[in-house]
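# The sequence and its predicted three-dimensional model are supplied below.
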Amino acid sequence: MHILSFTDFEGMVEELFGLAERIKAGEQRGDALRNRSLAMIFEKASTRTRVSFEVAMTQLGGHAIYLSPKEMQMGRGESIADTARTLSRYVDAVLIRARRHGDVVEFARHAEVPVINGLTELEHPCQALSDFFTMRELRGELRGLKLAYVGDGNNVCHSLMLGSAMLGMSFCCATPEGYEPKREVLQRALEIAKETGASIEMVHSPEQAVSGADFIYTDVWVSMGQEEEAEERIRRFRRFQVNEELLSHAPDARVMHCLPAKRGLEITDEVLDGRASVVWQQAENRLHVQKAILLKLLA
Ligand code: CP
Ligand code: NVA
């Protein structure tokens, strides 16, 4: 079983939430993953994903190995397929943060152990699962809650949109024109929403998106790998900043951000450090939820 897209959590979201809840309450044995190893390939920078997965493995009695393609034979031309076949003979699962989603799919095709997407340009499924866990902690039942996503229709947005569709939530996404989520991901979310009763809406007005929202979510305007577009993006996204003024349109909403944040761009200091922000709870929950994912895949 691989976790490449949020849709790969189909049929196990509630179980993972329950498991994460028990883990957070301290009810998990510390040796459940004894002698288990996780290889973690990071082609891009990471603070939260790397540290939370590594600590998760340690606290469950297992071991994590951090690998950078620059220092692997893959960096000298060994194929993804051969790397996948080899690592499958040593470790019990592989976490990959890659520049190209297709590379993770290719890796999974040749791996004989579970492969977990630790962020690609297309999706960030473990982040989104953990964020829904945080929303559930704060509000209980997720069905019917409104999640407003303001900013770039990026990887995090894609996973949140698919998750909202699966969980029967109301997802409203406000982006500048030309920065909407990918059409095929939106299509998939709409198909799922038809079955679950979720609502998925795309707008270009941040005020419209946040109106009536239970949660307001934002992410960086310039994702890893888009550095060359930074100037243009910052100009185009200005109106999409999550600030006190925008919050005044949704006085009861909690504010979420996957982090790292570019303070003063997509979110102001006032909001990130303010009363409505739940970003540290969000960051902490990565650890608990990823432990649940690891136990589900490896125990
Ligand atoms: N939110 C997240 O994935 O953070 P890192 O890039 O620090 O892993
Ligand atoms: N959208 C951001 C998320 C970082 C966790 C990026 O891809 O850089």
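Looks like it arrived, so ask away. Ligands and ions are numbered 1, 2, ... in the order given.
# Any part of stretch 48-56 near ligand 2?
No: on the criterion Cβ under 6 Å from any ligand atom, stretch 48-56 is out of touch with ligand 2, staying 7.3 Å away. Using the backbone N, CA and C atoms, a C-beta is placed for each residue, glycine as well.
# How far away from the center of its chain is that stretch?
From the chain centre to the centre of stretch 48-56 is a distance of 14 Å (Cα atoms, centre = their mean, to the nearest Å).
# Only the buried residues of it, if you could.
Within stretch 48-56, the residues scored as buried using 16 or more other Cβ atoms under 10 Å are R48, T49, R50, S52, F53, E54, A56.
# again with stretch 245-265
246-247, 249-250, 253-259, 261, 265.
# for stretch 225-236, same thing?
For stretch 225-236, the buried set under the neighbour-count rule, 16+ other Cβ under 10 Å, comprises R233, R236.
# begin at 42 from here
Sure, I'll start numbering at 42, so the last one becomes stretch 266-277.
# now the end-to-end length of stretch 97-115.
In terms of Cα to Cα, to the nearest Å, the two terminal residues of stretch 97-115 are separated by 26 Å.
# Looking at that stretch now, give me its mean pLDDT.
Over the span of stretch 97-115, the pLDDT mean works out to 96.
# That stretch and ligand 1, are they touching?
No: legend: contact between stretch 97-115 and ligand 1 by Cβ under 6 Å from any ligand atom is lacking; minimum distance shown is 12.4 Å.
# how near is the nearest residue to V135 once chain neighbours are set aside to E218?
Nearest in space to V135, with sequence neighbours left out and distances taken as Cβ to Cβ, 6 or more residues apart in numbering, is A80 at 4.7 Å. Relative to E218, A80 is positioned 41 Å away (Cβ to Cβ, to the nearest Å).
# Counting neighbours, go ahead and name the busier of these two.
A80 (22 against 7; other Cβ atoms under 10 Å).
# Across the sheet, point out what pairs with that one.
Listed beta-bridge partners, A80: I106, V135 (assigned using DSSP bridges).
# show me the contacts for it.
Contacts were defined as Cβ atoms under 8 Å, 6 or more residues apart in numbering; by that measure A80 touches A105, I106, L108, L128, Y131, V132, A134, V135, L136.
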